[in-house]
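Trainee: what's the 3D shape of this:
(one chain, ligands or ions: 2)
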Amino acid sequence: MPQHLHASHAFARLIASIALLLGAIRCLGSPRVSVVHAKPPELPIAPQVIRAAPPLPAPTEPVIRVHSVEELFKAVEHAKEGTTIFLSPGRYVLPHRLDICTDRVTLRGATGRREEVILDGGPHQLGELLAIHGCSDVVIADLTIENVRWNGIKLDTDSGVHRVTIYNCILHNIWQRAVKGVRVPATVARPEGSRVMYCLFYNDRPKSYADDPADTPENFQGNYIGGIDIMFAAKWTISDNVFYNIQGRTREGRGAIFLWHDSRDCIVERNVIINCDVGIALGNSYKPPDVPVHSANIIVRNNFIAQCPESGIVSDYTRDCLIAHNTIFDPDNRLGRLIRLVHDNQGTIVVNNLLVGSPVRNESTGEIRLIKNLILSPSPDLFVDPKRGDLHLRTRQPAVCDVGNPLPQVIEDFDRQPRDSRPDIGADEWIEEDPFRKSN
Ligand SMILES: [Ca+2]
Ligand SMILES: [Ca+2]
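Mentor: Ligands and ions are numbered 1, 2, ... in the order given. Here you go, the predicted model:
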């Protein structure tokens, strides 16, 4: 081989070796996440009530794809406004909290299958896993957050956080609040226009003291746990979610959905809540003097709620709320609290709800309007699969169908089928040829 060719060959080999070495160093510094072969969790929930989320539209540039924990933190830290960060499938073991502080950032699982991208707080015993701070229009979608001592997604709403979308996520084994919005001082705009949609919230078992060292026999007795807990929420939508087994140590936890501290103008609809301690809480009995009312002008409609022993729906210091067309199955409720009204609930209306178990429990001090709520005894003919959350009517029930009062605020049912001019009581409008009843 001529001398100059020999030299260039050696040079090429050297370059190749350097490239290999650099690749190896890069791999060492930023190991790819381990691939998970995850399937959707197998839970005793009727598949008919777990709604598939319509896919999100394709993102606009800039788009960043990440494959490791290090890349994820870097991408979030340096993201420009409007960036979409796609996470490759795998389990991301986070060493500390991930903070999003930039407007219009989207954090999204790359495959659209939420069980394939897991952000795991367990190995490092994270108190909080993801925080959104001082920014708006953030989207979290198509991923799982699990094993967190306190808050899964923390909205630092006291720093100005608006129009967040949490979409098609799983929040699993979160031991205080899966989604938390904090107290907001009067100088900061209340968190407005956020949405939590098509998410699955579930825990494997009731909370224990070992899950959360901050929850002790001296304070909350292991019951400081709930799903979505937002203070000062304005114009939020919480819809099409499923909540399963959000339970305190002695089954005295907080709401799967909990809106309080002067929350206003929100909609809570088409959620399925099974075996949680409290289903939907508008307010609670602790009201600081500077909060005039816990919940005002909030609509709770077309929800399926099964077996929530502390309360299916509780309304406690509310004003002008509408609790309409919910179906609640809880024949063995120990406290008789399928719908419970406590303290002052001026202007709140409870109408067209279907309760299997005890009637509305009205402990309210003021006037409240209870209209056309129907209380039935359990019967195997009534619902498709009540213990697994499917509270669709099994057959056409004369006591239920066509006897409700028409309401301008409720023009669809749980299935988004139109209400007819003679609405049925509860969340399901009976339609003779109904595609949503195929599990029957
Ligand atoms: Ca009807
Ligand atoms: Ca229907």
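
Trainee: is stretch 316-328 anywhere near ligand 2?
Mentor: No: Stretch 316-328 lies apart from ligand 2 when judged by Cβ under 5 Å from the ion; the minimum separation is 10.9 Å. Where C-beta positions appear, they are placed from N, C-alpha and C, glycine not excepted.

Trainee: How far off centre is that stretch?
Mentor: 19 Å (Cα atoms, centre = their mean, to the nearest Å).

Trainee: Show me which residues of it are buried.
Mentor: Residues of stretch 316-328 classed as buried by neighbour count (16 or more other Cβ atoms under 10 Å): 316-319, 321-328.

Trainee: same question, stretch 387-397
Mentor: So, applying 16+ other Cβ under 10 Å, buried residues of stretch 387-397: 388-394, 397.

Trainee: can you give me how far that stretch is from the chain middle?
Mentor: The answer for stretch 387-397 is 23 Å, by Cα atoms, centre = their mean.

Trainee: Let the chain start at 35 from now.
Mentor: Okay, using 35 as the starting number, the last item reads as stretch 421-431.

Trainee: Restrict that stretch to CA atoms and write it as CSV.
Mentor: Extracted C-alpha coordinates of stretch 421-431, given in CSV (Å, rounded to 0.1, in the frame of the first residue of the first chain):
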residue,chain,number,x,y,z
LYS,A,421,-69.8,-2.8,41.0
ARG,A,422,-67.4,-2.2,38.0
GLY,A,423,-68.7,1.2,37.5
ASP,A,424,-71.0,0.6,34.5
LEU,A,425,-74.2,2.4,35.5
HIS,A,426,-75.8,2.3,32.1
LEU,A,427,-79.4,1.2,32.4
ARG,A,428,-79.7,-2.5,31.6
THR,A,429,-83.3,-2.3,30.5
ARG,A,430,-85.8,0.5,29.9
GLN,A,431,-87.0,1.4,33.4
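
Trainee: and that stretch with ligand 1, contact?
Mentor: No: contact of stretch 421-431 with ligand 1 (Cβ under 5 Å from the ion) is absent, the minimum separation being 9.6 Å.

Trainee: Next one: that stretch, is it in contact with ligand 2?
Mentor: No: using Cβ under 5 Å from the ion, stretch 421-431 never reaches ligand 2; the gap is at least 6.4 Å.

Trainee: Can you give the contact residues for that stretch?
Mentor: Residues outside stretch 421-431 that contact it (Cβ atoms under 8 Å, 6 or more residues apart in numbering) are 78-80, 82-83, 276, 278, 306-308, 338, 340-341, 361, 363, 415-418, 434-435, 448-449, 458, 460-462, 464, 466, 468, 470-471, 473-474.

Trainee: Next, the contact list for the residue in the stretch 285-434 of the chain that ligand 1 sits nearest to, please.
Mentor: Going by Cβ to the ion, ligand 1 is nearest to residue 434 of the stretch 285-434 of the chain, at 9.1 Å. Contact analysis of residue 434 by Cβ under 8 Å, 6+ apart lists 388, 408, 410, 427, 458-460, 464.

Trainee: Now for those residues: which two are most distant?
Mentor: Farthest pair in the contacts of residue 434 (Cβ to Cβ) is 410 and 464. Separation: 14.7 Å.
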